[in-house]
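S.K.: structure for the following, please:
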Amino acid sequence: MNEVIVSKFDVAGKTYTVEIGRMAKQARGACLISVGETAVLVSAASASKPKAFIDGNVFLPLTVDYKERTYAAGKIPGGFFKREGRSHESEILTSRLIDRSIRPMFPEGWDRETQISAMVVSSDGINDADVISMIGTSIALMISDIPYDTPIGAVRIGKIEGKLVVNPTTEEQKLSSLDLVVAGTMDSLSMVESGAKELSETEMIEALSLAQSEVKKICEFQLSLPRKQKVAVSIPQVNSTLVNDVCEYAKPFMGEIISRKGKSERDEAWGDFKKETITKFSEKYPESDVHIVGALEDLFYQSARALVLEKNIRADGRKLDEIRPIECLSSILPRAHGSALFTRGQTQALAVVTLGSPGDMQIMDELNGEYKERFMLHYNFPGFATGEPKPERSPGRREIGHGALAKRALYPILPSQDVFPYTIRIVSDILESNGSSSMASVCGGSLALFDAGVNVKASCAGIAMGLVKEGNKYAILSDIMGMEDHLGDMDFKVAGSRDGITALQMDIKIKGLTVEIMAKALEQARQGRIKILDIMDAALGKPKSTMSAYAPKMVTTQISPSKIGALIGPGGKNIRRIQEETGVKIDIEEDGRVFISSTDSAAVDSAKTMVDFLTAEIEIGKIYKGRVTKIMNFGAFVEVLPGKEGLVHVSQLAEAHVKNVSDVVSEGDEITVKAIEIDSQGRVNLSRKAALLEGHK
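M.R.: Sure thing, here's the model as predicted:
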């Protein structure tokens, strides 16, 4: 592995280059992967010794960090310190994509701290770095001595003008009705993340099938690369007699404990039973508490799964496709612009909509450029939602990921900015949690948008699906609760309207999922989604016809971009005066759109009149009251609009003959004139005589 190895493979007509052995040689495995002029350096590192787990619960100590170096796009970071700081939301979401794709591929018992670092070192603004990083991560792990030996491939699928496109460019993505990122192994899926403009289940399966065929080629390429000898994974041997004794004692109690419907009641009963069991076997197996608990947890896991697979019984007594009781309430917060409380079983989301002006849009400074975001959805998960004390801190990766999923689900149903110019912010505060709080945020967010009077296309709902699979036998569960998520093999979230899917996210705990099982899960999810939408629509079937009295009223007017300077005025004098006199907020876009907002409708109308006056163009045939700015021998110049003046020739000053201009008008006089001509050079000719003849004084 000391030599530099350069290999290439093709995906949808694009050549990917993988370079191994030149950079980051002290990492366990590293590669530089590039397509076009976008390149990512991916390295895998792991500790030399196992991680010590205080409570005896062994989990995969995996950390993934995806970072975009601004030099990759020839930029210097903004801000005071001029260096990369905390991860942007897009970086966190890509880190999660990578983590969720590779985590199921590690062998059970791997207990050494493992870190993936994916660093974007070059960006051409054409080829996305996220999918490249996912492939590079798998390559770095495959060539390393870390016991990871199942390669994954990754692709992005778009749909443009009815045709599926593999790895569309950033410009093509703007035209796409689908943004689907898929990771998988040679024969199955391991991770799916998607946003869509109400695509049908059939269209989604077609896209997934195309993705799987491309993923297989990428996996085949990785198997051709040289690999180091893998570190052996040692799973501690547990006393089989202890396991048999504990299971024989505990088995009769499992059904009763598992079937307790309330989460807290079940958790309390399970906790008490573990303590009783430890006490019972403490003399026979001293200092074996961890192993006793481990045997109990394994038995609980097997028993709960067996109930589902063999008897089609769920812990809370529901059928496999049955949804928990739902309650929808709206307008529960009197001062909010829109609010809803969505409760499904023991999961509850308080969703609140706030409407703002375009000036409230969030400025997003990304690697490929800066843009403004008009829709924000912020998800919060306080400790009390699960009855636990937890300090309030900035949102973690989970909160950011859940918020991004709910945002992706609701985005396609929003009206365009031309129709609804407001900036929209939804906050989803999770007040209770026992499964699928992100999908509760979708349902609550949709209801809150209706309550706020936002003219969305349709209501939108989300549902979380689960899977229990042993060999060829499997069961798909609708609306999973927390225990089913923990004990199941899949967490599959689907959101959408009656017309189709708007967001999809799938994580798998086993090594893969076939497209056939995915198709059945999608259809069962569709049926569940329609049931939820029926309940939501019965509570609030359409957007309110009027907005909250506390929401800003807004009007939009279009001016010529050349008039922006006149509206702003010297040093902002004009725009500041309008805002101070009327109390409104004015936002001006570069294309000449002017947004005027205030909770006072009369103030909005008054401000619009002032804006129109400052930016108006002189029209032929229109009567104006203007101020004389200059006297000349041949006539007088009169300012009829701010910064706009015309000439009243001496022959047009009065109905009778005028010998001297100063005999009729003086500088500073206000007179009424009519615009009679604008010549080829843009000069305006005015007539006081024409205005007098029409009866204007």
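
S.K.: am I right that Ala654 is in a helix?
M.R.: No. Per DSSP: H, G, I helix; E, B strand; the rest coil, Ala654 lies outside any helix segment and is coil.

S.K.: my guess is Ala207 meets Leu164, correct?
M.R.: Yes. Counting by C-beta atoms under 8 Å, Leu164 is a contact partner of Ala207 at 5.7 Å. C-beta here means a position set from N, CA and C on the backbone, and glycine is covered the same way.

S.K.: for those two, list the residues in contact with both.
M.R.: Ile157, Leu178 (C-beta atoms under 8 Å, 6 or more residues apart in numbering).

S.K.: so for those two, which residue has more residues nearby?
M.R.: Using other C-beta atoms under 10 Å, the more surrounded residue of Ala207 and Leu164 is Ala207, with 23 against 18.

S.K.: ok, and the closest non-adjacent residue to the more buried one?
M.R.: Ile157 (4.7 Å; C-beta to C-beta, 6 or more residues apart in numbering).

S.K.: buried ones in stretch 558-567?
M.R.: With burial defined by 16 or more other C-beta atoms under 10 Å, the residues of stretch 558-567 counted as buried are Ile559, Lys563, Ile564, Ala566, Leu567.

S.K.: Throw those residues into CSV and include secondary structure, distance to Ala45 and pLDDT, thanks.
M.R.: Listed next are these as CSV, based on DSSP: H, G, I helix; E, B strand; the rest coil; distance: C-beta to C-beta, whole Å; pLDDT from 0 to 100:
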residue, secondary structure, distance to Ala45, pLDDT
Ile559, coil, 57, 90
Lys563, helix, 58, 87
Ile564, helix, 53, 91
Ala566, helix, 60, 86
Leu567, helix, 57, 90
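
S.K.: farthest pair in the residues you listed?
M.R.: Ile559 and Ala566 (8.7 Å; C-beta to C-beta).

S.K.: where do the contact lists of the two overlap?
M.R.: With C-beta under 8 Å, 6+ apart as the test, Ile559 and Ala566 both reach Thr615.

S.K.: just the pLDDT for Asn434.
M.R.: We have a pLDDT of 91 for Asn434.

S.K.: just list the residues touching it, thanks.
M.R.: For Asn434, the contacting residues are Lys263, Gly345, Gln346, Thr347, Thr386, Met481, Gly482, by C-beta under 8 Å, 6+ apart.

S.K.: now with 7 Å, please.
M.R.: Lys263, Gly345, Gln346, Thr347, Met481, Gly482 (C-beta atoms under 7 Å, 6 or more residues apart in numbering).

S.K.: with Glu276 instead?
M.R.: Counted by C-beta under 7 Å, 6+ apart, Glu276 has zero contacts.

S.K.: that one: what secondary structure?
M.R.: Secondary structure, three-state DSSP: Glu276 is helix.

S.K.: quick thing: my sequence starts at 462, can you match it?
M.R.: New numbering, starting at 462: the last item is Glu737.

S.K.: can you pull out the strands in the stretch 512-661 of the chain?
M.R.: Remark: strands assigned in the stretch 512-661 of the chain by DSSP state E, counting those that start in this stretch are 523-529, 575-583, 614-621, 624-627, 639-645, 650-660.

S.K.: now mean pLDDT and distance to Ile481 too, for those strands, in CSV please.
M.R.: Formatted as CSV, these follow (pLDDT from 0 to 100; distance: least, C-beta to C-beta, whole Å):
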stretch, mean pLDDT, distance to Ile481
strand 523-529, 95, 20
strand 575-583, 97, 15
strand 614-621, 96, 17
strand 624-627, 96, 25
strand 639-645, 96, 21
strand 650-660, 94, 23
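
S.K.: among the contacts of Asn895, which one lies nearest to Lys745?
M.R.: Nearest to Lys745 out of the contacts of Asn895 is Lys724 (C-beta to C-beta; 32.6 Å).

S.K.: ok, and the closest non-adjacent residue to that closest one?
M.R.: Asn895 (4.7 Å).

S.K.: same question, Glu788
M.R.: In space, Glu788 is closest to Thr804, 4.4 Å off (C-beta to C-beta, 6+ apart).

S.K.: does the one you found count as helix, strand or coil?
M.R.: strand.

S.K.: burial measure for it, as a count.
M.R.: 20.

S.K.: for it, give the beta-bridge partners.
M.R.: Beta-bridge pairing for Thr804 (DSSP bridges): Glu788, Gln809.

S.K.: my guess is it contacts Arg785. True?
M.R.: No. Between Thr804 and Arg785 there is no contact under C-beta atoms under 7 Å: 9.2 Å.

S.K.: hang on, the residue nearest to Lys724 in a strand?
M.R.: No. With three-state DSSP as the criterion, Asn895 is located in coil rather than a strand.

S.K.: about what we covered before: looking at the strands of the stretch 512-661 of the chain, which is closest to Lys1086?
M.R.: Checking these against Lys1086 by C-beta to C-beta gives strand 650-660 as the closest, at 52.3 Å.

S.K.: who does that closest one touch, helix- and strand-wise?
M.R.: With contacts taken as 3 or more C-beta pairs under 7 Å, 6 or more residues apart in numbering; DSSP states H and E, strand 650-660 sits against helix 550-563, strand 639-645, strand 961-969.

S.K.: CSV for the ones you listed, including mean neighbour count and distance to Ala865?
M.R.: As requested, the helices and strands packed on strand 650-660 are exported to CSV (neighbours: other C-beta atoms under 10 Å; distance: least, C-beta to C-beta, whole Å):
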stretch, mean neighbour count, distance to Ala865
helix 550-563, 22, 6
strand 639-645, 24, 12
strand 961-969, 25, 9
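
S.K.: now for these, which one comes closest to Arg858?
M.R.: Closest among those, using C-beta to C-beta: helix 550-563, at 5.4 Å.

S.K.: thinking again about what came up before, surely the residue nearest to Ala668 and Val627 touch.
M.R.: Yes. Contact between Ile618 and Val627 holds when scored by C-beta under 7 Å: they sit 6.2 Å apart.

S.K.: next one: Lys745 from Asn700, what distance?
M.R.: Note on Lys745: its distance to Asn700, by C-beta to C-beta, to the nearest Å, is 10 Å.

S.K.: which of these two has more neighbours?
M.R.: Neighbours were counted for Lys745 and for Asn700 using other C-beta under 10 Å; Asn700 has more, 13 against 10.

S.K.: next one: the more buried one from Val754, what distance?
M.R.: Asn700 is 14 Å from Val754, where distance means C-beta to C-beta.

S.K.: my guess is Leu816 meets Ala913, correct?
M.R.: Yes. Between Leu816 and Ala913 there is a contact under C-beta under 7 Å: 6.4 Å.

S.K.: list residues touching both of the two?
M.R.: His798, Ala1012.

S.K.: now Tyr832, which residues is it bridged with?
M.R.: For Tyr832, the beta-bridge partners are Met825 (DSSP bridges).

S.K.: how many other residues sit next to it?
M.R.: Counted with other C-beta under 10 Å, Tyr832 comes out at 11.

S.K.: please consider this matter closed, and thank you.
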